[in-house]
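Novice: sequence below, structure please.
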Amino acid sequence: MWIAKGYYVKQRVFFADEAAAIAAGFRPCARCMPDKYKAWKAAQG
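Specialist: Numbering: from 1, shown residues only. Predicted structure coming up:
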């Protein structure tokens, strides 16, 4: 709803899927996806 109204657009980047986002250098959101973020962080060493 908010994105459709034009809010948050400058602060968000959208990808077709998770693999594309990771390939582009992005990580899982620590707030939205804490379990995936923890796994990603642990894999970083």
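
Novice: distance from the chain centre to the longest helix seen in the chain, please.
Specialist: Assignment by DSSP state H gives helix 34-44 as the longest helix of the chain. Distance, stretch centre to chain centre, for helix 34-44: 12 Å (C-alpha atoms, centre = their mean, to the nearest Å).

Novice: packing partners of that helix?
Specialist: On a contact count with 3 or more C-beta pairs under 8 Å, 6 or more residues apart in numbering; DSSP states H and E, helix 34-44 meets no helix or strand. Bear in mind the C-beta positions are built from the backbone N, C-alpha and C, glycine included.

Novice: list the buried residues in it.
Specialist: Buried residues in helix 34-44, counted by 16 or more other C-beta atoms under 10 Å: none are found.

Novice: have a look at the chain and report the helix or strand with the lowest mean pLDDT.
Specialist: One helix or strand of the chain scores below all others by mean pLDDT, DSSP states H and E: helix 18-23, with a mean of 90.

Novice: that one: how far from the chain's middle?
Specialist: Relative to its chain's centre, helix 18-23 lies at 9 Å (C-alpha atoms, centre = their mean).

Novice: now it: buried residues?
Specialist: Going through helix 18-23 with 16+ other C-beta under 10 Å, nothing comes out buried.

Novice: how close does residue 44 sit to residue 37?
Specialist: 11 Å (C-beta to C-beta, to the nearest Å).

Novice: and the contacts of the longest helix of the chain?
Specialist: When contacts are defined by C-beta atoms under 8 Å, 6 or more residues apart in numbering, helix 34-44 is touched by residues 27, 28, 29, 30.

Novice: closest one of these to residue 12?
Specialist: residue 29 (10.3 Å; C-beta to C-beta).

Novice: what's the spacing between the nearest residue to the closest one once chain neighbours are set aside and residue 9?
Specialist: Once flanking residues are discounted, residue 29 sits nearest to residue 37: 6.6 Å by C-beta to C-beta, 6 or more residues apart in numbering. Residue 37 sits 23 Å away from residue 9, going by C-beta to C-beta.

Novice: sounds good, over and out.
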